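1. Need the 3D shape of this:
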Amino acid sequence: MINSTQVSYFTFGAYFNIGLFKYLFFLIIMCFYAVIICANLLLIVVICKNRSLHEPMYLFLCSLFVNELYGSTGLFPFLLVQILSDIHTIYAPFCFLQIYCLYTYAAIQFINLSIMSYDRYLAICYPLQYNTRMTYKKVAMLIAVTWLVPLIGVAVTISLSVPLQLCGNIINKVYCDNYLVVKLACSDTRVNNIYGLCYTVISIIIPLLLILYTYIKIFKVCYSGSKQTRQKAVSTCTPHLASLLNFSFSCLFEIVQSRFDMSNVPIMLRIILSLYFLTCQPIFNPLMFGLQMTKIRSLCKSLFFGKM
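-> Numbering: from 1, shown residues only. Next comes the predicted model:
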């Protein structure tokens, strides 16, 4: 039996020898990371620099873009090193650090999207009371909750996983996953499973239920309201709903791959599916919100072409 003090590193079992193609994949991943950094930083600067965007909706968007940078940094630099490496291993402390970054990123994303749906619900269903219900103090509190709950919750998850006695050190992915680490345990994992279920309810199920409730209310108002109300709802909710569906389906791919036997699926497809929610969402959000929201689009144009 190998206990946790003797497991000094983990080995990734999803990598395979691609020869010189690894340099091509390195360039592709590097381009993805560069686009994510540039797109999200651009929108953060635009929102922070322009006082006309210091409204609740755009402040929640800024929090979303900061989270995209945070989650991407937890994956891409390490992934780039692994692509060029011949030995795909990671020291245990760095593995748990990566788990912490990626799990907090996913939880912050869900909570942030649920708060954005609540903000749109107030703006559409209670337009006259919006400014009194969504004050800057309340915005600051909601953003703090968005970040603090995952940061504390995942810290507890990691603290329960680190002491486990492990019977192996092979993780069948291209990055660290807490669920797969717990599956390697020889010791009792009931506490991990119970806490994991409770934390999933708090960080994912409750936000999704809140989103469902707010959209039901928004659709009711749109159905009984004027054409102008419907147009406002469509213009503000479309990018949010698209982002939510994209992230939810990508997380579903990730859960299916972790929980079920995917040995019949080609390994390259499994790698692409496992990286989807960490790669496409940070690119999808800036493009969707930047192109769909008129204020952001016009300010981006003026930033680059104003002097011309």
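2. got the phi/psi numbers for residue 10?
-> Dihedral angles of residue 10 (phi, psi; degrees, to the nearest 10) stand at phi -120, psi 150.
3. Show me the shaky parts of the stretch 151-300 of the chain.
-> Along the stretch 151-300 of the chain, the model assigns pLDDT under 70 to residues 225, 229, 261-263, 265, 291-297, 299-300.
4. and residue 283, what element?
-> helix 267-292 (DSSP states H and E).
5. which residues in the stretch 101-250 of the chain form helices?
-> Ranges of helices in the stretch 101-250 of the chain, per DSSP state H, counting those that start in this stretch, are 130-133, 136-161, 178-183, 190-200, 206-224, 227-259.
6. Show me how far the second one is from its chain's centre.
-> To tie it back to what came earlier, the one meant is helix 136-161. Relative to its parent chain, helix 136-161 has a centroid offset of 14 Å by Cα atoms, centre = their mean, to the nearest Å.
7. same deal with the longest one?
-> Per Cα atoms, centre = their mean, the displacement of helix 227-259 from the mean C-alpha position of its chain is 13 Å.
8. in it, what's buried?
-> Residues of helix 227-259 classed as buried: 229, 232-233, 236-237, 239-241, 243-244, 246-248, 250-251, 253-254, 257-258 (neighbour count, 16 or more other Cβ atoms under 10 Å). In short, each C-beta sits where N, CA and C put it, glycine included.
9. if we can go back for a sec, export the helices of the stretch 101-250 of the chain to CSV and tack on distance to residue 36?
-> Converted to CSV, those look like this (distance: least, Cβ to Cβ, whole Å):
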stretch, distance to residue 36
helix 130-133, 32
helix 136-161, 19
helix 178-183, 23
helix 190-200, 26
helix 206-224, 23
helix 227-259, 15
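10. Would you tell me which of those helices gets closest to residue 168?
-> helix 178-183 (9.1 Å; Cβ to Cβ).
11. How about residues contacting the closest one?
-> 10, 95, 99, 103, 157-158, 161, 164, 166, 171-173, 189, 192-193, 196, 258-259 (Cβ atoms under 8 Å, 6 or more residues apart in numbering).
12. Repeat that for stretch 235-255.
-> Counting by Cβ under 8 Å, 6+ apart, 57, 106, 109-110, 113, 116-117, 120, 123-124, 208, 211, 215, 218, 273-274, 276-277, 280-281, 284-285, 288-289, 292-294 sit against stretch 235-255.
13. One more: stretch 83-90?
-> When contacts are defined by Cβ under 8 Å, 6+ apart, stretch 83-90 is touched by residues 9-12, 15, 22-23, 25-26, 29, 78, 82, 98, 174, 176.
14. same thing but 10 Å
-> 8-18, 21-30, 78, 81-82, 95-98, 169, 171, 174-176 (Cβ atoms under 10 Å, 6 or more residues apart in numbering).
15. Strands along the stretch 1-150 of the chain, start to end?
-> Applying DSSP state E, counting those that start in this stretch to the stretch 1-150 of the chain gives strands spanning 9-12, 89-91.
16. Adding distance to residue 146 and mean pLDDT as columns, could you present those in CSV?
-> Shown next, in CSV, are the strands of the stretch 1-150 of the chain (distance: least, Cβ to Cβ, whole Å; pLDDT from 0 to 100):
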stretch, distance to residue 146, mean pLDDT
strand 9-12, 30, 86
strand 89-91, 29, 88
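17. most tightly surrounded among those strands?
-> strand 9-12 (a mean of 18; mean count of other Cβ atoms under 10 Å).
18. pretty sure residue 146 is touching residue 114, no?
-> Yes: between residue 146 and residue 114 a contact is recorded at 8.8 Å, counting by Cβ atoms under 10 Å.
19. Pull up the overlap in contacts between these two.
-> Contacts common to residue 146 and residue 114, judged by Cβ under 10 Å, 6+ apart, are residue 207.
20. in the helix holding residue 283, what counts as buried?
-> Buried, per 16+ other Cβ under 10 Å, within helix 267-292: 270-271, 273-286, 288-290.
21. same thing with stretch 72-88?
-> Buried residues in stretch 72-88 (16+ other Cβ under 10 Å): 72, 74, 75, 76, 78, 79, 80, 82, 83, 88.
22. From the residues you listed, which land in helices?
-> 72, 74, 75, 76, 78, 79, 80, 82, 83 (DSSP state H).
23. who touches residue 144 in this structure?
-> residue 63.
24. What residues of stretch 199-206 count as buried?
-> 199, 203, 204.
25. what's the answer for stretch 115-130, then?
-> For stretch 115-130, using 16+ other Cβ under 10 Å, the buried residues are 115, 116, 117, 118, 119, 120, 121, 122, 123, 124, 125.
26. about what we covered before: of the ones in helices among the buried residues of stretch 72-88, closest to residue 135?
-> For those, the nearest to residue 135 is residue 72 (31.7 Å; Cβ to Cβ).
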